[in-house]
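Enquirer: here's my sequence, what's the structure:
(chains A and B)
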Amino acid sequence: MRGKSQWIPLHITIMLTCTFVWASEPGSFVLRAGRIMPVSPGLPWEISPGVIVVRDGRIVELGADLEVPPDLPVIEYPHGTIVPGLIAASANLVGAHQGDESIAAGYRAVDGFDRYGDYQRILADGVTTVHVNPGGHRLLTGQGAVVKLGGEADERVVREAADLTVNLGPYRPPLDVTYSFPASADVAIPEAQRQRPSSRMGQFLGLEEAVHEALDTQPSPAWSFHRAALAQAWTDQLPLRIQADRVADLLGSVRFLRDWQRSGYVVGGGEADQVGGPLHEAGLALVLQPREPLRAPGADLGTDPSALDATNCNFTALEGIQLALSPAADAPVGDLRLLAVRAAQRGLGERRALESITRIPAEVLGVSNRVGSLEPGKDADFLVLTGRPLDVTTHVTRVFVNGRTAFEAPVSDSLVIKAGRIWTKPGGEFTHGEILIEGGKIVAVGPSVPHPRFARVIDAGPDGFVSPGFIDGFSHLGLKGDRSAVDIALRLSKLFGAADVPDLRLCRAGMTTVLVAPYAVTPNGSPMAAVKTAGSTRAERIVGDPVCVLLDVSGLDPLAIAETLGKPIAAGQKYVESWANYEKQLKEFLEKKKSGEPSETPGQKSQEEVKETKGPDPVTGTWEATVRGTPLGDAVTMRLEMQLIGVNVRGRIASTSVGVTGSLSGTLAGKHLSLVAEINHPQAPGPLAIEVDLVEEDLFRGTVSAQEMAFPVEGRRTDKNPVEIEVAQRRLRGKDGRPLPPKVDPALEPLKALLEKRIPAVVRVSTPAQIREVLDLLVDKHQLQVTLLDAPGAAALAPRLNEKKVAVIVPPNPVRSRHNQDYLQADDLARQGVPIVFQSNVEDGGRHLPAVVTYAVEQGLAADQALAALTVDAARAFKIDQRVGSIEPGKDADLVIFRGHPFRSAGQILSVVVGGKEVTP
Amino acid sequence: MWMAALIGGMVLPSQAEPPAKIALQGGRIIPVAGPDIESGTVLIENGRITAVGPDVEVPYDAMVVDVSGKVLFPGYVSPHFFQGLDRSNESLPVTPYLDVYDAMDPSSRNFEEALRDGVLTIHLIQGNSCAIGAMSRLVHPIGRTPDEMTIRPGLALKLSTSPYSQLDRMSLMATLRETFLELDDYLANLAESRYEAQLQEEQKELKVGPDQARELGRPLIRDQDCDDRHRNLFQLTQGRLAAWIYCGMATDVSPALALARERGFFDQTVLVLGPEAFRAVSELKRAKRPVILPENLLYQQRDPITGDLQETFIPKVIHEAGLLFALQPDVGGSLGERNLGYQAARCVRHGIPRQTALEAITLNPARMLGVADQLGSLEVGKAAYVLVLSGDPLEFNSWVEQAYIRGVLAYDRQQDPRLKELLGLPAKQAAAVPPKSESAPEPAEDQAKEQAEEPAKEPAEEPKEPAKEPAKEPVPEPSDEPAKEPVHDPVVDPSGSGMTRSVAPRWNPLTAARGGEAV
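Expert: Okay, here's the model as predicted:
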């Protein structure tokens, strides 16, 4: 019960949280974006950055600097571009009605529209509002409608009866048959009549006839559904939507509309650029349906030669005409944005092209009071794009309809960063480049990279500068004041979990990787770890552990260095040899096994020695024991050599009458001795359990049991002196003679890695003599990679350092006083070709390192040299350049995005990316 | 009310007089209306339930049937059933002048299956492919003629706002609008002529214009004044007929409700939902009209972009919206969904209260049909449509032991000839597969046993078998074996009609496998 009651407040909290999120969801929020393009004549073309305030699904306010109402949640898209939801003035979503009538005003496209339909694919292309028509297969097919593709089902219809759909062009009207009711043999079925108009020439005549007939009430004709519908539509002044391509049809439409004093617009317009003048004079809006063979390069553009071939359209001839774009009847609606992109390329221009898929179609369709542009009072229908709306690579990130999310791009682990300059490594710089990141790794870098669908895009702009994440060469992050020397067997990475506040503080300063070292070093060396400053798991954060062996010879007599460093190196070498030996044996064994030769007999070698000498005690010494029992036949005698250490007993079975030996271990409890004996024999059934009581001085009795069997045993001590025994700790060969690996020693593993040249040695030195000794021993003798720490006098040995590619981690303060003058060691070394690395030597104060480096640059260090020292040179000095330090495919996506060069103009950090994830500033 | 105006007569399918009084004694009673009775009696007198309870005094002249260990349950009501029709749809989209009566096929297997599955009341209605379909009627699955089967005729008109192969959504909606506008036009003219006729009768002069005459004549229109084509529609718009509107998709719900509201039959409307129509749940909730759920209760939807599958259990959504709903069996299916008990059990499994689930297969459809005072539960005064189940109705292992329709034993599993064939066949055929000379005596024994048992039961019961398949002669064995050796067993029709049916030798996976092992 208590457990339950504890949960109740938590439940309530969760419920309240949910309610709050829910309550704020329906269409009220503030959206802040990098760029807003309202497409409204009264507003600037671009507001960058901008804010939109939405309440109850409508835009309330819009501008660059608005006060954010405190009651509304804020949605941030700092890299997003906001444009109005796109409007397709023609869409093939409904299909054609199946009626037979050539002129039938009673069909309504809105009936055929699935208000609950899932239009995610079209929304994903940015189209939020479309016009649906009842078909293009008859002269007058019925009434069109304007609908939204998102939002609540009962709010999707914007205009139920938007227009009368007229289609001009070659067609065959269907036959018309009227059946009598009830069907009877007495009444003949009349012959089918071809409906009028039967030719292209009679189209307008047919229309006029139908309108006259519908409006004429004298004499009262028999009731007809479609005639009544036409009369109603005509009285309601529904505009005419005329599908026309040819010059004759276009001019005929102009005349028909003028004669009947009707409003209307033309759709299609294949030859419209030839009659731009008359259309302009008549004030007729035009919905162009360019045919773009986007998906089928070899496609025939249609049998109608007058169909609009977008490649040849003369947009300048259509100047001044209200121009909207829409996909052709047989093309996917989602192509709308691409059509505008292509039209913009062909001379329509960005501004008109964007207007032709947003504001103009809204005006043409008579819904501009609600959609088509971003203005206070209009529906909150807009798109969040990854870039400029008419860039080909731009994608839709999110779609709002009536202030609610109608589409949201699935979470993608792809990220594209665009910037004016990308500094990949020394000597490698792109201007106007892009970086593609997938799965936390850099996949591509170059002037243009693939833009996978739904990838997030960070556009740093033309003055954006991207560099690899900075590396702090020596810090004490996470030690929290622990100044003890850290044993080389320990792993500093255990200090790090999910990135904490101090870590993220570093990260936001651009320091993405820090080398963590203990404050003090043990004589055998200490470990260091390379840790990232962001990430939610330890695995994400650790770059290397141990990343190097840290040695300190700064306090040593140069002559003692060889001996001091020699000891751990010798131990390491022995360890390396034992492994090399094992690997050799294993290889031999496997080869023998493969060829079928018998393997060596299993044996053992003593590895550890127990040397303890103490006064007599009840156990220590040599015991002669006898085991009897029925199944054994003759009694088995054995000599046990044991030693009591505290209450623990260790020892061995020195010999037995049956020729096997083994090891012993156990405990003494009062007079009771419990031992477990491991028998060294390949057929040994398993450990023996020896349970005996010390019944008298130097006498024990009890049982020996193996598996199910137990035998009585009796033993006498023959010698109380401990025998120096070598206890076999482990078998060197398995039961089948396979060599067993040596024990893994965490204290020797880093040295092994060092000697195998997988990790470098970092040596703190202070005098040139010490440097010389270290180089002699480690670089020349053992061929190890060495990085020097601090090394104030390193410049004296610069040519040698340069030759051996030994990097120097310069002291925390780069400018020191020498001979009463400011001396910049970093610059001195760099000029002589020695790679340099910067260090902070503090816990989380490393965030000031870029400032320190800026000071160094001010003092004369080359700006790009400073960048290299913070990135690729630091990575190389610690052999972690396979993962970090440069912007190259395959490397970790650790990047810093600046506005301007970080050390030339002290650029401001816009964003930091670690492992492909943006660290929010 | 309006139902009372219709013919209330219940035609009994009586061949021989059933016993006047039957007491079903000792079973567990689930009356649906009211709490369960652990052990009790249902007394049926002249086709009506006269007593239900733990201690019912059984009249001396009642036939007592011991149903101890069994469960008594009201007969399932199938709310939307078109499988028993010769053709379930008409080729014309608008046919309100037709009646399912003309297409009923009493010999249809579907009625037999319905009886076997415990569906004792069937709302027989035209299929979904129409704009305005035929008149429906309430039937039970026994009887030799449509009249014998009918419980109540003229219940509802079938409408649909969902497109089908011959009528797209636009044409369908235009057709519906056209039909009702044409009705307006027709009634206006009719009203005018009725007003004129009235004046003529009263020998008065026409002093008003045509518009006013139409208005004044409107109340004078009687059903008999309408022609066949308009009469049912006229009743519909006056709210005297129910409309069952099929909405295949969510988007069809709103036009259906709008039509019903506009034309005055909203309060008589039941919506028959298609597979995804439940997504219009907010509209349905506002309308508060009863709904019939699709056979497949689980709706699966795939996200077009991510491909994620989302599953919705439809009754849960509808129940949470507080709507009155009825379940349909998957007639013709071979899975559990064909059984209404199984459908209700799935609802319970998904968290719907047991009582609601039980009502969804009994009382709710009766309420929607306006016959809840007569059907849908075991209550005193109601017509005796009673199931004797072997266990709980929501248990998948339960089956119908017996079914009583207005006091007539309409079904007895012990006597079900088809089950006998299906269940009896494997054992016999397995024995018959090895050399035929060995198997010869066995069928003879079986036959003798059956014949010995049957006459003893026959006088007590008068089982009505709706499925009267034409008698077939035993198929002659096309081999040179002696003709006297029967290869398949003639099964005596327990209805006593003397019909014999032959069991055609069919491939049977059970026996085939067994035979293979033996060899």
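Enquirer: so what's the residue in the stretch 201-350 of chain B positioned nearest to chain A up against?
Expert: Nearest to chain A in the stretch 201-350 of chain B, going by C-beta to the nearest C-beta, is B:Ala250, at a distance of 3.6 Å. Just so you know, the C-beta spots here come from the backbone N, C-alpha and C atoms, and that holds for glycine as well. Taking C-beta atoms under 8 Å, 6 or more residues apart in numbering or on different chains as the criterion, B:Ala250 is in contact with A:115-116, A:153, B:276-280.
Enquirer: pretty sure A:Ala362 belongs to a helix, no?
Expert: Yes. Secondary structure of A:Ala362 (DSSP: H, G, I helix; E, B strand; the rest coil): part of a helix.
Enquirer: related to what we said a few turns ago, and which of the contacts of B:Ala250 is nearest A:Cys548?
Expert: Ranked by distance to A:Cys548 (C-beta to C-beta), the contacts of B:Ala250 are led by B:Arg279 at 61.9 Å.
Enquirer: could you measure from the residue nearest the centre of chain B over to chain A?
Expert: When C-alpha atoms, centre = their mean is applied to chain B, the residue found nearest the centroid is B:Ile122 (2.3 Å). Per C-beta to the nearest C-beta, to the nearest Å, B:Ile122 is found 30 Å from chain A.
Enquirer: tell me, how many residues neighbour the residue of the stretch 501-650 of chain A found nearest chain B?
Expert: Across the stretch 501-650 of chain A, the shortest distance to chain B (C-beta to the nearest C-beta) belongs to A:Ser536, at 23.3 Å. Other residues lying near A:Ser536 total 12 when counted by other C-beta atoms under 10 Å in any protein chain shown.
Enquirer: give the contact list for it.
Expert: By C-beta under 8 Å, 6+ apart, the residues touching A:Ser536 are A:498-499.
Enquirer: which stretches in the stretch 551-700 of chain A count as helices?
Expert: For the stretch 551-700 of chain A, the helices defined by DSSP state H, counting those that start in this stretch cover A:561-595.
Enquirer: hmm, back to that, columns distance to B:Phe325, pLDDT and secondary structure on top of the contacts of B:Ala250, output as JSON lines?
Expert: Listed next are the contacts of B:Ala250 as JSON lines, based on distance: C-beta to C-beta, whole Å; pLDDT from 0 to 100; DSSP: H, G, I helix; E, B strand; the rest coil:
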{"residue": "A:Arg115", "distance to B:Phe325": "23", "pLDDT": "93", "secondary structure": "coil"}
{"residue": "A:Tyr116", "distance to B:Phe325": "19", "pLDDT": "93", "secondary structure": "coil"}
{"residue": "A:Ala153", "distance to B:Phe325": "20", "pLDDT": "91", "secondary structure": "helix"}
{"residue": "B:Glu276", "distance to B:Phe325": "16", "pLDDT": "91", "secondary structure": "coil"}
{"residue": "B:Ala277", "distance to B:Phe325": "12", "pLDDT": "95", "secondary structure": "helix"}
{"residue": "B:Phe278", "distance to B:Phe325": "10", "pLDDT": "95", "secondary structure": "helix"}
{"residue": "B:Arg279", "distance to B:Phe325": "15", "pLDDT": "94", "secondary structure": "helix"}
{"residue": "B:Ala280", "distance to B:Phe325": "14", "pLDDT": "95", "secondary structure": "helix"}
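Enquirer: and the two most separated of those?
Expert: Maximum pairwise distance in the contacts of B:Ala250, criterion C-beta to C-beta, is 14.7 Å, between A:Arg115 and B:Phe278.
Enquirer: so which elements touch the top helix by length along chain B?
Expert: Ranked by number of residues, the top helix in chain B under DSSP state H is helix B:169-201. If contacts are counted by 3 or more C-beta pairs under 8 Å, 6 or more residues apart in numbering or on different chains; DSSP states H and E, helix B:169-201 sits against helix A:109-112, helix A:225-235, helix B:210-217, helix B:228-237, helix B:253-262.
Enquirer: of all these, which one is nearest A:Phe898?
Expert: Of the helices and strands packed on helix B:169-201, nearest to A:Phe898 by C-beta to C-beta is helix A:109-112, at 53.6 Å.
Enquirer: and the next element down the chain from that closest one?
Expert: Heading C-terminal from helix A:109-112, the first helix or strand you meet, by DSSP states H and E, is helix A:120-123.
Enquirer: from the chain's centroid, how far away is that following helix?
Expert: Computed by C-alpha atoms, centre = their mean, to the nearest Å, the chain-centroid distance of helix A:120-123 equals 24 Å.
Enquirer: sheet-wise, list the partners of the first helix or strand past that helix going along the chain with their directions.
Expert: Downstream of helix A:120-123, the first helix or strand assigned by DSSP H and E is strand A:127-132. Take DSSP bridges as the rule and strand A:127-132 pairs in its sheet with strand A:86-91 (parallel), strand A:140-148 (antiparallel).
Enquirer: for A:Glu160, find the nearest of those.
Expert: With C-beta to C-beta, the closest approach to A:Glu160 among these belongs to strand A:140-148: 5.7 Å.
Enquirer: tell me the helix or strand right after that closest one.
Expert: Going down the chain from strand A:140-148, the next helix or strand is strand A:157-167, by DSSP H and E.
Enquirer: what's the angle from that next one to helix B:253-262?
Expert: Strand A:157-167 and helix B:253-262 are oriented at 90 degrees to each other (axes from the mean of the first three to the mean of the last three C-alpha atoms, to 10 degrees).
Enquirer: ok, strand A:157-167: who's next to it in the sheet?
Expert: strand A:140-148 (antiparallel), strand A:240-244 (parallel).
Enquirer: now render the ones you listed as TSV, adding mean pLDDT, mean neighbour count and distance to B:Thr306.
Expert: Listed next are the strands paired with strand A:157-167 as TSV, based on pLDDT from 0 to 100; neighbours: other C-beta atoms under 10 Å in any protein chain shown; distance: least, C-beta to C-beta, whole Å:
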stretch	mean pLDDT	mean neighbour count	distance to B:Thr306
strand A:140-148	95	27	22
strand A:240-244	93	23	37
